[in-house]
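Novice: Model the structure of this input:
(2 chains)
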Amino acid sequence: MNGINEKIKASQLTFLIISFIQGSVLLISLVDDITKQDSWMSMVSGFVVSVPFILSYAFLAKRFPGKNLIEINDIIYGNTIGKIVSIFYLLFFLLLLAFNFGDIADFFNGYIMPETPKMVFIVVFALICAFAVKRGIAAIAKASLLTAIFTIAAVIFTTILLIGEMDFSNFQPMFESSAKEYLQVSHIMFCLPFGEIIALLMITQHMKNDKKLPRTMVWGTGISALIFLAIVVRDTAVLGASITIFSETSYQAVRMIDIGEFLTRIELLVALNYTASLFIKICVLYFVTVTGVSQLVRAKSSTPLILSLGSIVIVLAMVSFGSTIYRNEWGYKYAALFATPFTAILPPLSLLIAKIRKLPNTGGVRQ
Amino acid sequence: MIIVILAFSAMVVWQMPKLIKERRWRELKYFSIFLFVGFVLNVLLAMGVELPDPTKGIQIFFDTIKLHY
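Specialist: Below is the predicted model:
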């Protein structure tokens, strides 16, 4: 793989995190289904809940400079159990990768090109991502600058154009949802978009200055949470009670833009935006899976594994989730629970064990 | 079906000679294993065989321990 030793800057990691988290923007319509007009509150609480966990990831990476998640697992849990934990993590990343491929295919299939088979989108996207992964993480990080700025600009642009359509009485009545629903949405928000940045622990070893890591990670997540918040407020204010009807809320809200019958059909901007951030997310997950697997099998270079793993992922993406309804049910009921062990239980536990065992041992490991 | 076979032979032709020439047997081994698994799965998919959905398995697991929203 090219550029394996290239370093990425802290600012690039921030943009990488923003794009990575924005790749889950489709999730917002799921959140809208559960907490309706109170979604913005659950969004805030989801972020507040995630901060300590994200700090735990960052401190874990900071404690073991120059090591990635798999090496950290090996040090903390010992060789055998560490390998088992790493295999579970890699399966988690592999499944996430497949689900995200499925997401992009479903989105294109459902909204833009309904006649084309899903396989086409998955294969084309997989080939582009394989190319990006071959160029290395530094190239992906550079590209993420563009997508992050594009995302932020698009959200600001569409929000300004929609000001005329907004009606802030749509937020009333407040506190309508039950406590369980707030808890559920906070859990989903924490485990899915925010918690998934555990995958970035596989690339923080390429950071130039890992002293800044906790701040960088929280900053990146915070900016993403702000973008999510802006999107939710915009959608709720524009669509009102009808947000629960649509399976793709942002798309519908931006579709309302109609200025002098001239500035219309801007919803394609949302589609582009989503594709761009999902591209970064998939590239990162792909890179993480490939480097992780090649490290686990102790291969010298991971380039040959890119295509062979990709062929497995394509099939996984094709067979998982038969229908959109089932996908929603999965997101609603199971997805957060499935991610919980990897995002909420293992990283703080690892940090705790590392603290108790006083790892890493003073062997000049700390540079 | 033919496209699948063509695509996989292209991958083999593209990657294998380089690995054999540079005598990277370990990588060749894992490359072949993953590629073989991918090939079998893709052929099954192309033949229209109903492959199991990984999410269904996870769903059944959470249903049996009665832990879901």
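Novice: In contact with the closest residue to chain B within chain A, which residues?
Specialist: Nearest residue of chain A to chain B (Cβ to the nearest Cβ) works out as A:Ser311 at 3.0 Å. In short, each C-beta sits where N, CA and C put it, glycine included. With contact taken as Cβ atoms under 8 Å, 6 or more residues apart in numbering or on different chains, A:Ser311 is in contact with B:8, B:11, B:34-35, B:38-39, B:41-42.
Novice: And the furthest pair within the residues you listed?
Specialist: Spatially, the most separated pair among the contacts of A:Ser311 is B:Met11 and B:Leu41, at 14.2 Å (Cβ to Cβ).
Novice: Give me the contact list for stretch A:232-251.
Specialist: With contacts defined as Cβ under 8 Å, 6+ apart, stretch A:232-251 is touched by A:25-26, A:28-29, A:31-33, A:36-37, A:39-40, A:43, A:107, A:110-111, A:155, A:158-159, A:162, A:165-168, A:170-171, A:231, A:252-253, A:256, A:267, A:270-271, A:324, A:328.
Novice: Hmm, I typed the wrong one, I wanted stretch A:270-281.
Specialist: By Cβ under 8 Å, 6+ apart, the list of residues contacting stretch A:270-281 reads A:16, A:19-20, A:22-26, A:100, A:103-104, A:107, A:111-112, A:125, A:128-129, A:132, A:140, A:143-144, A:146-148, A:150-151, A:154-155, A:158, A:250-251, A:254.
Novice: phi, psi of A:Ile259?
Specialist: Main-chain torsions, A:Ile259, degrees, to the nearest 10: phi -110, psi 110.
Novice: Show me what from chain A comes close to chain B.
Specialist: Applying Cβ under 8 Å from any Cβ of the partner chain, we find that chain A lies next to chain B at A:95, A:98-99, A:184, A:293-294, A:297-301, A:304-305, A:307-312, A:314-316, A:318-322, A:326, A:330, A:332-334, A:336-338.
Novice: Which residue ranges of the chain form strands?
Specialist: Here I'm looking at chain A. Counting by DSSP state E, chain A has no strands at all.
Novice: think we crossed wires, I meant chain B
Specialist: Remark: no strands are assigned in chain B by DSSP E.
Novice: what residue is smack in the middle of it?
Specialist: Geometric centre of chain B, nearest residue: B:Gly38, 2.1 Å, by Cα atoms, centre = their mean.
Novice: tell me the contacts of the residue lying farthest from the centre of chain A?
Specialist: When distances to the mean C-alpha position of chain A are computed (Cα atoms, centre = their mean), the maximum falls on A:Gly260, with 36.7 Å. Not one residue lies near A:Gly260 by Cβ under 8 Å, 6+ apart.
Novice: separation between it and B:Phe36?
Specialist: Using Cβ to Cβ, to the nearest Å, A:Gly260 is found at 59 Å from B:Phe36.
Novice: Please work out the average pLDDT along stretch A:286-301.
Specialist: The average pLDDT for stretch A:286-301 rounds to 88.
Novice: ah, wrong one, I meant stretch A:165-183
Specialist: pLDDT averaged over stretch A:165-183 gives 83.
Novice: Then stretch A:130-143?
Specialist: 90.
Novice: Quick one: end-to-end distance for it.
Specialist: Taking Cα to Cα, to the nearest Å, stretch A:130-143 runs 15 Å from one end to the other.
Novice: Show me what it is in contact with.
Specialist: With Cβ under 8 Å, 6+ apart, stretch A:130-143 has contacts from A:1-4, A:6-8, A:12-13, A:15-16, A:203, A:206, A:279-280, A:283-284, A:286-287, A:290, A:303, A:306-307, A:310.
Novice: Now do the buried residues in that stretch.
Specialist: Neighbour-count burial for stretch A:130-143, counted by 16 or more other Cβ atoms under 10 Å in any protein chain shown, picks out A:130, A:132-143.
Novice: Likewise for stretch A:245-256?
Specialist: For stretch A:245-256, a neighbour-count test (16+ other Cβ under 10 Å) marks A:246-256 as buried.
Novice: In those residues, find the pair that's most separated.
Specialist: The most distant members of the buried residues of stretch A:245-256, if one measures by Cβ to Cβ, are A:Ser247 and A:Met256, lying 16.4 Å apart.
Novice: Just give me the least confident of the buried residues of stretch A:245-256.
Specialist: Among those, A:Ser247 has the lowest pLDDT, at 75.
Novice: OK, contacts around A:Glu115?
Specialist: If a contact means Cβ under 8 Å, 6+ apart, then A:Glu115 has no contacts.
Novice: Kindly report the same for the one 4 residues further on.
Specialist: Contacts for A:Met119 (Cβ under 8 Å, 6+ apart) come out as A:105, A:314, A:318.
Novice: Same check on A:Arg265?
Specialist: Contacts of A:Arg265 (Cβ under 8 Å, 6+ apart): A:Arg255.
Novice: pLDDT value on it, please?
Specialist: On the pLDDT scale, A:Arg265 is placed at 79.
Novice: Can you list phi and psi of it for me?
Specialist: Dihedral angles for A:Arg265 - degrees, to the nearest 10 - are phi 60, psi 40.
Novice: Now for residue 55: which residues touch it?
Specialist: As the question left the chain open, I've gone with chain A. A:Leu55 neighbours (Cβ under 8 Å, 6+ apart): A:214, A:217-218.
Novice: hmm, I had chain B in mind actually
Specialist: A:99, A:320-321, A:326, A:330, A:334.
Novice: Turn the residues you listed into TSV, columns for pLDDT, distance to A:Glu176 and neighbour count.
Specialist: Formatted as TSV, the contacts of B:Thr55 follow (pLDDT from 0 to 100; distance: Cβ to Cβ, whole Å; neighbours: other Cβ atoms under 10 Å in any protein chain shown):
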residue	pLDDT	distance to A:Glu176	neighbour count
A:Phe99	91	31	20
A:Ser320	85	34	22
A:Phe321	82	30	24
A:Tyr326	84	28	15
A:Trp330	86	25	20
A:Tyr334	87	25	19
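Novice: Now, those residues that are in helices?
Specialist: Secondary structure from DSSP state H places A:99, A:326 of these in helices.
Novice: Which of the helices and strands in chain B ranks last by mean pLDDT?
Specialist: helix B:2-21 (a mean of 83; mean pLDDT, DSSP states H and E).
Novice: shouldn't A:Leu60 be in contact with A:Pro347?
Specialist: Yes: using Cβ atoms under 8 Å, A:Leu60 is in contact with A:Pro347, at 5.9 Å.
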